[in-house]
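1. Okay, here's the prediction I keep looking at, along with the sequence it came from:
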Amino acid sequence: MSGVEGGPALGGEPPEPPVLEVASLNRTYETGGVSVLALRGVAFTVAPGELLAIVGPSGSGKSTLLGILGCLDRPTSGEYWLDGEEVGGFDATVSARVRREKLGFVFQAYNLLPRSTAYENVELPLVYAKTPRTQRRERVLEALDAVGLADRVTHLPTQLSGGQQQRVAIARALVNRPKVVLADEPTGNLDTRSETEILATLHQLNAEGTTILIVTHSDEVAQQARRILSMRDGEIERDHLAGANGGARTELR
Ligand code: ADP
């Protein structure tokens, strides 16, 4: 499918080149003589600054797509371009570099180091990237401030609420200034209040220019994005703006 239903009218400014683009993406799993086509001809582009939700029922291919977008898996065929670079047919070294330099990850289970403070958890990607210590300090404090946790710098994960732990994880995803943040069910472990708080944080960061993809099975979470890709049986069934065509659009604030 090309174009977004309910998108802006033609004319005006020329569109910015996409930060992320996939084309004719197929992924087949071969297990015990059975072949499952988990992705079939998936194609879409993401412009810089978009907030996009990928939604669909269990088994529709969301995790498979996320694995490819996160450079953890490669497509059986098709193309994946990130920040102007073809990264779908990479080797392990290229994929590690792309993950380190261009992507930020937020997981359902936070994945924080339990014996490290909020500061140390957020600092980790900068240590891997060999960023000098003084610059690290500035960036870590800036990222924790961006998620509203400037006063929790020395707290351990166990001393933080679930929502706060997820905000530390979001700060960690941001600290390298990635081209795209990939969030996998980021509110899946949280109560409604913390879910609202995390979605508000993601909105805020998006408003400041971060491109964010949220994978979720929750229609409510998806409706908080600006654009929704609905998957079914390994295909993109719909690519539309949240709230378009009668969907309820709930404002966060
Ligand atoms: P979702 O994340 O939307 O639940 P998945 O991407 O996990 O969907 O799965 C898509 C399809 O691929 C399903 O039919 C699933 O059974 C199959 N599948 C996923 N992972 C594997 C795997 N490692 N081996 C074989 N089949 C798989």
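-> Perfect, thanks for sending it. Numbering: from 1, shown residues only.
2. what about the longest helix along the chain, average pLDDT?
-> The helix spanning the most residues in the chain, taking DSSP state H as the definition, is helix 192-207. Averaging pLDDT along helix 192-207 gives 92.
3. can you start the count at 837 instead of 1 from here on
-> Okay, using 837 as the starting number, the last item reads as helix 1028-1043.
4. by how many degrees do the helix or strand just after it and helix 1028-1043 diverge?
-> With elements assigned by DSSP states H and E, the helix or strand that comes after helix 1028-1043 is strand 1047-1052. Interaxial angle, strand 1047-1052 versus helix 1028-1043 (axes from the mean of the first three to the mean of the last three Cα atoms, to 10 degrees): 150 degrees.
5. and the residue of the chain positioned farthest from its centre, what does it touch?
-> Most distant from the centre of the chain: Gly869, at 33.2 Å, with distances by Cα atoms, centre = their mean. For Gly869, no contacting residues are found, by Cβ atoms under 8 Å, 6 or more residues apart in numbering. All C-beta atoms are positioned from the backbone trio N, CA, C, and that covers glycine.
6. do Val878 as well
-> For Val878, counting by Cβ under 8 Å, 6+ apart, the contacting residues are 858, 860-862, 897, 901, 914, 1070-1072.
7. From the contact counts, what lies against the longest helix of the chain?
-> If contacts are counted by 3 or more Cβ pairs under 8 Å, 6 or more residues apart in numbering; DSSP states H and E, helix 1028-1043 sits against strand 887-891, helix 998-1010, strand 1047-1052.
8. Following the second one in sequence, what is the next regular element?
-> Toward the C-terminal end, the helix or strand that comes next after helix 998-1010 (DSSP H and E) is strand 1016-1020.
9. Could you export that following strand as CSV, CA atoms only?
-> Only the C-alpha atoms of strand 1016-1020 are listed here, as CSV (Å, rounded to 0.1, in the frame of the first residue of the first chain):
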residue,chain,number,x,y,z
VAL,A,1016,14.4,6.0,15.2
VAL,A,1017,13.2,4.7,18.6
LEU,A,1018,11.6,1.3,18.4
ALA,A,1019,9.2,0.6,21.4
ASP,A,1020,7.9,-2.9,21.8
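10. average model confidence for it?
-> 96.
11. Check which helices and strands it is in contact with.
-> Using 3+ Cβ pairs under 8 Å, 6+ apart: strand 1016-1020 touches helix 898-905, strand 939-942, helix 998-1010, strand 1047-1052.
12. To the ligand, which of these lies closest?
-> helix 898-905 (3.2 Å; Cβ to the nearest ligand atom).
13. So what's the gap between the closest one and the chain middle?
-> The chain centroid and the centroid of helix 898-905 are separated by 11 Å under Cα atoms, centre = their mean, to the nearest Å.
14. Now the helix or strand following that helix: buried residues?
-> Heading C-terminal from helix 898-905, the first helix or strand you meet, by DSSP H and E, is strand 913-918. Buried positions in strand 913-918, judged by neighbour count with 16 or more other Cβ atoms under 10 Å: 914, 916-918.
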